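Chemist: Got a predicted structure here, sequence first:
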Amino acid sequence: MKPADAFEVVPLSDGNVQFSVVIAAGLITVWLYEDGDPYNMILDYEVVDANGKKLECGHQNPSDSDGA
């Protein structure tokens with residue numbers, strides 16, 4: 001993501017969805033779980049931008065310079 005870009009993680013299931021976020025250099029990880037149970041992970045989700053367009057994993061990652 002570029003500075004000031006926004007995204008939303010949208011669960012594709014109903015229920016009491018909670019989340020945790022881990023931010024590291026060059027990486028954002030969002031964990032979705034149900035009913036406050038971190039062992040009950042929600043694996044069906046989409047990531048969308050501010051316009052609702054679905055973003056794929058690695059969105060805006062720079063490509064390898066050697067083409068590998």
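Modeler: It's in. Residues are numbered from 1 along each chain as shown.

Chemist: This protein: strands as residue ranges?
Modeler: Along the chain, counting by DSSP state E, strands occupy 7-11, 17-24, 27-34, 45-49.

Chemist: now the ones you listed in TSV, with distance to residue 1, mean neighbour count and mean pLDDT?
Modeler: Where C-beta positions appear, they are placed from N, C-alpha and C, glycine not excepted. Shown next, in TSV, are those (distance: least, Cβ to Cβ, whole Å; neighbours: other Cβ atoms under 10 Å; pLDDT from 0 to 100):
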stretch	distance to residue 1	mean neighbour count	mean pLDDT
strand 7-11	6	15	91
strand 17-24	11	11	91
strand 27-34	7	13	88
strand 45-49	9	14	93
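
Chemist: export those strands to TSV and tack on distance to residue 61?
Modeler: Below are the strands of the chain laid out as TSV (distance: least, Cβ to Cβ, whole Å):
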stretch	distance to residue 61
strand 7-11	14
strand 17-24	14
strand 27-34	10
strand 45-49	14
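
Chemist: who's residue 21 bridged to?
Modeler: Going by DSSP bridges, residue 21 is paired in beta bridges with residue 30.

Chemist: for it, what are its contacts?
Modeler: The contact partners of residue 21, by Cβ atoms under 8 Å, 6 or more residues apart in numbering, come to 28, 29, 30, 31.

Chemist: wait, the first one sits on residue 19?
Modeler: No. At 11.8 Å, residue 28 and residue 19 do not qualify as touching, with contact defined as Cβ atoms under 8 Å.

Chemist: so residue 31 makes contact with residue 18?
Modeler: No. Contact criterion Cβ under 8 Å: residue 31 and residue 18 do not qualify, at 9.2 Å.

Chemist: Residue 35: what's its closest spatial neighbour, skipping adjacent residues?
Modeler: Closest residue to residue 35 apart from its sequence neighbours, by Cβ to Cβ, 6 or more residues apart in numbering: residue 16 at 5.0 Å.

Chemist: and the one you found, how many residues sit next to it?
Modeler: Close neighbours of residue 16, defined as other Cβ atoms under 10 Å, add up to 9.

Chemist: per-residue pLDDT, it?
Modeler: What the model reports as pLDDT for residue 16 is 90.
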